[in-house]
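> sequence and predicted model, in that order:
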Amino acid sequence: MTTTATGLPPDDPEGRPGPQQQPPSAPRRPETEDSPAADSFALDELPTPKGASRTLLGSLLAPQRRRVRAVAVLLLLQQAAVQAGPLLVAYALDRAVPALRAGDHGPLIAVAVAAVLCAGASGGLQFGFIQLSARVSQEVLLDLRGRIFRHAQALSLDFHERYTSGRLISRATTDVESLRELLEEGLQELVTIILSTVYITATLVYLDWGFGAAALVSAVPLALLVRSFRHRSHRVYSAKSTAMAGVIVKFTETLNGIRPVQAFRRERPNDTAFARLNHEHARINGDTFLEMARYVVLSRLAANTAVAAIVLWGAYRVATGGLALGVLAAGVLYLRRLYDPIDRLGMFLNAYESAAASLQKIAGLLARRPGVPEPGAPATLPAVAPGRPGREAVFRGVRFAYRTGGEVLPRFDLTLAAGTTVAVVGATGAGKSTLAKLLARFYDPTEGQVLLDGVDLRALSTTTLRRGVVMVTQEAFLFSGTVADNIALGRPDATREEIEHAAKAIGAHDFIAALPDGYDTDVRKRGGRISAGQRQLVGFARALLADPAVLILDEATSSLDIPGERAVQRAMTTVLRGRTALVIAHRLSTVDIADRVLVMADGRIVEDGPPAHLIADRGRFAELHQAWRDSVG
Ligand SMILES: Nc1ncnc2c1ncn2[C@@H]1O[C@H](COP(=O)(O)OP(=O)(O)OP(=O)(O)O)[C@@H](O)[C@H]1O
């Protein structure tokens, strides 16, 4: 059983104006699954504000500014050392060799020493560069993953139900990974390519104006090729990121639901569906290679043609005495180096487009604003008078519609007096959980207010709200860790005595003490397995320890054996005592201990009163009560 402290700020996607800013006369148009925004979830293309990727990257790199500058300087120097090679060859051929012929060894020795120094410097600088750039990229990725995790926790249930955990995992893993590739390998490539191109072109111009100009002209077709490649690969990489997310979504969905999957023999259909997604991913991956191959072939063709033409022209000039042989040799070496990085440029562009597509998806996710935002200036709750149990909760003129459906709760008013236990009953889909979720502020009402002791829930800080209202939901979820950790979730600063005290009050102490390591038993390890009823008791102990003024309880529907049922019943009576409680009741015994019962049908409260009165009135509740009695025998 999960005790969920409320006040976690769920999101409101698409930057929709909050309900509080909407005029009451303009109810929000409910969004259907066919609407464009719903499609954006299905297509994994959340709307991303213009320039959001760049802003995100800027904000990630900003704290690393100094290191980024140092990385740039190291690269600059390293490139200078690398590119000095051909210049030394030209010097050796045109100066050192003639000097040697004349009996002067000096220039040749100088060339040899310079070559050794350049090689050493280049290696050392490369080492420093790799170390520093790896540190920058690790810091950036650490920050980004943390941001994704924190943001995902802050977004609403509504968002998570539509986006799914699979896509979030994909964002935090494969998409972050593609950014890592860009930062660690791609950027080094780019800077090296740019620097070497600048160095080489400048050296060519210095060696011979004609060579320089020819190299510049030959860059035009290459630039056009690069442009077209970028355009095409951007499309392919965006599709690849979506396809990868699709694979992960199917994977997590199946494994999260492994029990129904095996119970209903869904393995085969799942295999088929997974194979289709897997193939789709493989096909798109193939497209990325195809784009790369197309680029490499065309760019090499263009480069080789240019080199051949320039060499022919240079040879003619040497023959006619217009150019020194050493200059031609150095020129050809430089030209080869100029075109060499073209393949590497393709790889960089691949890494860049892959990272850009991923970054855009991450930026789209981070751009979602929490729909249940923290107030700018939080209000405080009035102090509880001594002896007064719980707080009063009021729904004032509340209406509610989920984003993906019609109106679920038509306008209503409801007051839950402090210290009373109110049971909510009704057919499935009547709106009981929705009512509870509004009180827990998982969602804000479309219209109207939910007040706690007269203060709008929207005005309360997360901490205050969490302390004030706690919801214990049906699903029996225990987090990894010990039993004690799981109970202390309701109040992390609780001492071991307080934890045990809560467990004893709930009647959970005996079974916990009987576990292999007692309160220190890891719930995920062998021997730590505990039954459904015991999980509920842990959930109650959690709530009791949190001691909220208002407790919302979604009673588990799963039936327990009679002793288990009694134990849960006793625990519930303990945890409800002395606070305001809203219980979604599925059991007769729960309704019997309630001070008041609300009967819901189609989102409306159709009967409201003490259970005895409702039975006497012979309405819906009386029928339901009779049916329960009959079933209990
Ligand atoms: N996240 C959601 N998005 C859209 N519609 C929803 C969502 N959750 C519930 N609904 C719809 O709201 C209506 C009320 O649902 P709710 O869960 O409040 O009913 P309930 O009375 O608690 O049912 P149950 O007893 O089966 O839990 C239903 O028609 C349901 O389809």
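Structure received.

> show me the contacts for Leu416.
Contact analysis of Leu416 by Cβ atoms under 8 Å, 6 or more residues apart in numbering lists Glu392, Ala393, Val394, Val422, Val550, Thr580, Leu582. The way it works is simple: take the backbone N, C-alpha and C, and place the C-beta from them, glycine included.

> any chance you could map the helices in the stretch 101-250 of the chain?
106-154, 157-170, 176-181, 187-207, 209-256 (DSSP state H, counting those that start in this stretch).

> kindly report the same for the stretch 301-450 of the chain.
Counting by DSSP H, counting those that start in this stretch, the stretch 301-450 of the chain has helices at residues 325-339, 341-366, 432-439.

> helix 157-170 and the last one, what's the angle between them?
With axes from the mean of the first three to the mean of the last three Cα atoms, to 10 degrees defining the directions, helix 432-439 sits at 90 degrees from helix 157-170.

> count of residues packed around the nearest residue to Ala172 once chain neighbours are set aside?
Spatially, and ignoring its direct neighbours in sequence, Ala172 is nearest to Ile148 (4.8 Å; Cβ to Cβ, 6 or more residues apart in numbering). Neighbour count of Ile148, defined by other Cβ atoms under 10 Å: 20.

> show me the one of the helices of the stretch 301-450 of the chain that comes nearest the ligand.
helix 432-439 (3.2 Å; Cβ to the nearest ligand atom).

> which elements pack onto the closest one?
strand 393-401, strand 407-416, strand 421-426, strand 469-473, strand 550-554, strand 580-584 (3 or more Cβ pairs under 8 Å, 6 or more residues apart in numbering; DSSP states H and E).

> 6 Å instead, please
strand 580-584 (3 or more Cβ pairs under 6 Å, 6 or more residues apart in numbering; DSSP states H and E).

> can you name the element that comes right after the strand it packs on?
Proceeding N to C from strand 580-584, the next assigned helix or strand is helix 588-593, under DSSP states H and E.

> can you list the buried residues in that following helix?
Buried residues in helix 588-593, counted by 16 or more other Cβ atoms under 10 Å: Thr590, Val591, Ile593.

> stretch 387-394 too?
Gly390, Arg391, Glu392, Ala393, Val394.

> show me what the fourth one is bridged to.
Note on Ala393: beta-bridge partners by DSSP bridges are Leu416, Leu452.

> list the contacts of it.
Leu416, Leu452, Val550 (Cβ atoms under 6 Å, 6 or more residues apart in numbering).

> just the closest of those to the ligand, please.
Of all the contacts of Ala393, Leu416 has the smallest distance to the ligand: 17.0 Å, by Cβ to the nearest ligand atom.

> domain parsing of the chain, as residue ranges.
52-366, 417-439+456-632 (automatic domain parsing).

> just these: most buried one?
When you average the neighbours per residue for each of the domains of the chain (mean count of other Cβ atoms under 10 Å), domain 417-439+456-632 leads with a mean of 19.

> so how far is it off the chain centroid?
With Cα atoms, centre = their mean, to the nearest Å as the basis, domain 417-439+456-632 stands 31 Å off its chain's centre.

> check stretch 169-182 too.
11 Å.

> and that stretch, how far apart are its ends?
End-to-end span of stretch 169-182 (Cα to Cα, to the nearest Å): 20 Å.

> hang on, the earlier thing: looking at the helices of the stretch 301-450 of the chain, which is nearest to Gln138?
helix 341-366 (15.6 Å; Cβ to Cβ).

> between that closest one and helix 157-170, how many degrees?
Orientation of helix 341-366 against helix 157-170 (the same axes, to 10 degrees) gives an angle of 160 degrees.

> what helices or strands is helix 341-366 leaning on?
Right, helix 341-366 is packed against helix 52-61, helix 176-181, helix 187-207, helix 209-256, helix 267-319 by 3+ Cβ pairs under 6 Å, 6+ apart.

> and the longest one, average pLDDT?
Just to be clear, that refers to helix 267-319. Averaged across helix 267-319, pLDDT comes to 90.

> tilt between it and helix 341-366?
In terms of direction (the same axes, to 10 degrees), helix 267-319 departs from helix 341-366 by 140 degrees.

> give me the angle between helix 267-319 and helix 325-339.
Using the same axes, to 10 degrees: helix 267-319 against helix 325-339 is 160 degrees.

> which secondary structure elements does helix 267-319 contact?
helix 209-256, helix 325-339, helix 341-366.
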